[in-house]
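Colleague: the sequence and its predicted three-dimensional model are supplied below.
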Amino acid sequence: MKHYYRLVTEPDIFAGNEGEKVLSIAVIGCGRVFSTHADAIKKSSYAKLKAVVDIDETRADEMAEKYNCEKYTDYRDVLKRKDIDVVHICTPHHLHFQMSVDAMNSGKHVLLEKPVAISVNDAQKIIETAKVTGRSLGVCFQNRYNPTSVWIKQFLDSGRAGRIIGCRAFLTWSRDKDYYNSAQWRGTWSMEGGGILINQALHSIDLIQWFIGETDWLKASIDTRLLKGVIEVEDTAEMTIGFKNGVKCLFYASVCYTMNSPLFLELHCENAVITLHDDILVTYSDGKEEFIRNPDKTSGGVTYWGLSHEKLIEDYYSCLIAGKSFRIDGEQAIKSLKIVKAAYESSRTGKPIRF
Ligand SMILES: NC(=O)c1ccc[n+]([C@@H]2O[C@H](COP(=O)([O-])OP(=O)(O)OC[C@H]3O[C@@H](n4cnc5c(N)ncnc54)[C@H](O)[C@@H]3O)[C@@H](O)[C@H]2O)c1
């Protein structure tokens with residue numbers, strides 16, 4: 001028998017701003033992900049978009065006009081503005097380190113796109129800067145806010161599934177020559193910091209470690225199967241991850257598929273198997289099944305990114321205004337980066353890596 005659940009958004013996120021404080025926001029980087037941020041800011045009662053920055057002046061002009069705010073081409077100029085409270089960083093990966101450190105040292109709170117940085121060392125320095133300056137650092141792992149992710153996390157925490165025993169996950173998306181040629185930083189070790197693992201699959205890796213726990217070891221291999229000559233980095237990767245609680249996870253990711261399929265994730269638990277593939281199917285040991293439909297599936301937007309940027313951004317602002325710490329901080333965000341960097345090292349040396 002199938003049981004259908006209705007999923008609801010966590011109530012505190014969209015409670016709305018009843019106070020007098022409205023945060024002033026600047027966004028650095030007006031590329032592909034920019035409008036997801038700008039639209040969320042526009043809808044928020046907690047914040048107002050005051051400035052956009054892009055080294056491409058035409059792009060900065062267009063977005064400043066569209067969102068009725070000021071434009072800059074040098075991010076350091078916007079950091080000089082006393083009225084800006086929060087800076088969103090939506091730039092290529094290699095710029096995350098300097099921009100976030102500069103922003104926090106200028107007194108701004110930072111909401112940073114993933115990955116936190118392209119090296120663990122830089123990520124640690126970003127975390128240290130947040131501590132020293134007392135600024136809030138949030139990182140965009142919006143898929144933790146997907147209704148299906150929230151449901152799985154709560155279900156696991158409730159103990160109904162029992163202990164997790166194993167996990168398998170597949171992420172098969174499509175990225176072609178035109179995508180990689182659309183910007184100079186894509187597909188490079190020095191600017192993107194890797195391929196599918198550090199970019200497209202990072203959200204899945206974050207979810208896996210969020211559901212399962214602390215990593216112990218991993219063995220991985222990466223390859224460039226279809227995009228040789230187009231990118232330096234991997235288009236395909238696989239890894240076996242061992243967790244401190246004994247769980248083993250098999251993970252495969254590739255951008256060589258013909259479409260962007262939703263993540264397939266299966267958690268084998270003592271009392272049930274939880275299968276996420278857009279919707280959730282829970283199959284209990286006694287054969288009973290529960291089906292949880294993903295309410296975001298039909299809402300439009302870039303569904304394979306997840307539709308939860310707005311929820312994350314709203315939560316980040318409400319935490320700032322309430323003086324609470326934000327749950328996806330640098331310490332949380334560095335976990336998936338450490339896994340990715342270990343995977344690259346394991347593939348290079350052919351050896352397992354211990355954390
Ligand atoms: N969370 C998600 O689901 C998600 C989705 C897409 C992208 N992203 C992340 O967002 C970030 C940006 O990705 P994108 O796809 O929008 O990239 P993009 O190349 O489309 O846009 C980057 C923008 O930054 C600008 N830029 C470059 N150098 C700059 C500088 N020094 N100062 C100001 N602007 C500068 C570029 O001109 C460009 O407009 C990356 O970290 C990426 O991984 C996250």
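Modeller: Happy to help now that I have it. Numbering: from 1, shown residues only.
Colleague: where does the residue of the stretch 151-300 of the chain found nearest the ligand fall, helix, sheet strand or coil?
Modeller: Nearest residue of the stretch 151-300 of the chain to the ligand (CB to the nearest ligand atom) works out as Ala183 at 3.9 Å. The C-beta positions use only the backbone N, C-alpha and C, and glycine is treated the same way. Under DSSP: H, G, I helix; E, B strand; the rest coil, Ala183 falls in the coil class.
Colleague: against which helices or strands is the helix or strand where Glu65 lies packed?
Modeller: Glu65 belongs to helix 57-66 when assigned by DSSP states H and E. Where contact means 3 or more CB pairs under 8 Å, 6 or more residues apart in numbering; DSSP states H and E, helix 57-66 is packed against helix 34-43, strand 47-53, strand 70-72.
Colleague: and the residue of this structure nearest the ligand?
Modeller: Gly31 (1.8 Å).
Colleague: need the pLDDT of that residue.
Modeller: Listed pLDDT for Gly31 reads 98.
Colleague: looks to me like it is in a helix.
Modeller: No: looking at Gly31 with three-state DSSP, it is coil, so not inside a helix.
Colleague: what sits against it?
Modeller: Residues near Gly31 by CB atoms under 8 Å, 6 or more residues apart in numbering: 54, 59, 90-91, 183.
Colleague: save those residues as CSV, and put in neighbour count and pLDDT too.
Modeller: Below are the contacts of Gly31 laid out as CSV (neighbours: other CB atoms under 10 Å; pLDDT from 0 to 100):
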residue, neighbour count, pLDDT
Asp54, 24, 98
Arg59, 17, 98
Cys90, 27, 98
Thr91, 25, 98
Ala183, 14, 97
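Colleague: Ser24 in helix, strand or coil?
Modeller: Ser24 - assigned by three-state DSSP - is strand.
Colleague: let me fix that: Gly242
Modeller: Gly242 is classified as strand under three-state DSSP.
Colleague: that one reaches Ile212, doesn't it?
Modeller: No: contact criterion CB atoms under 8 Å: Gly242 and Ile212 do not qualify, at 10.3 Å.
Colleague: so which residues make contact with the helix holding Glu65?
Modeller: Contacts of helix 57-66 (CB under 8 Å, 6+ apart): 30-31, 34, 38, 51-54, 70-73.
Colleague: how near is the spatially most central residue of the chain to Arg293?
Modeller: Residue closest to the average C-alpha location in the chain (CA atoms, centre = their mean): Phe141, at 2.7 Å. Phe141 sits 23 Å away from Arg293 when distances are taken as CB to CB, to the nearest Å.
Colleague: still on that earlier bit, which of Gly242 and Ile212 has more neighbours?
Modeller: Neighbours per residue, other CB atoms under 10 Å: of Gly242 and Ile212, the larger number sits with Ile212, 20 against 17.
Colleague: contacts only, for that one.
Modeller: For Ile212, the contact set (CB under 8 Å, 6+ apart) comprises 164, 167, 243, 245, 247, 249, 267.
Colleague: sorry, back to before: just the buried members of the contacts of helix 57-66?
Modeller: Buried members of the contacts of helix 57-66, scored by 16 or more other CB atoms under 10 Å, are 30, 34, 38, 51-54, 71-72.
Colleague: identify the farthest-apart pair in those.
Modeller: Ala38 and Tyr72 (14.8 Å; CB to CB).
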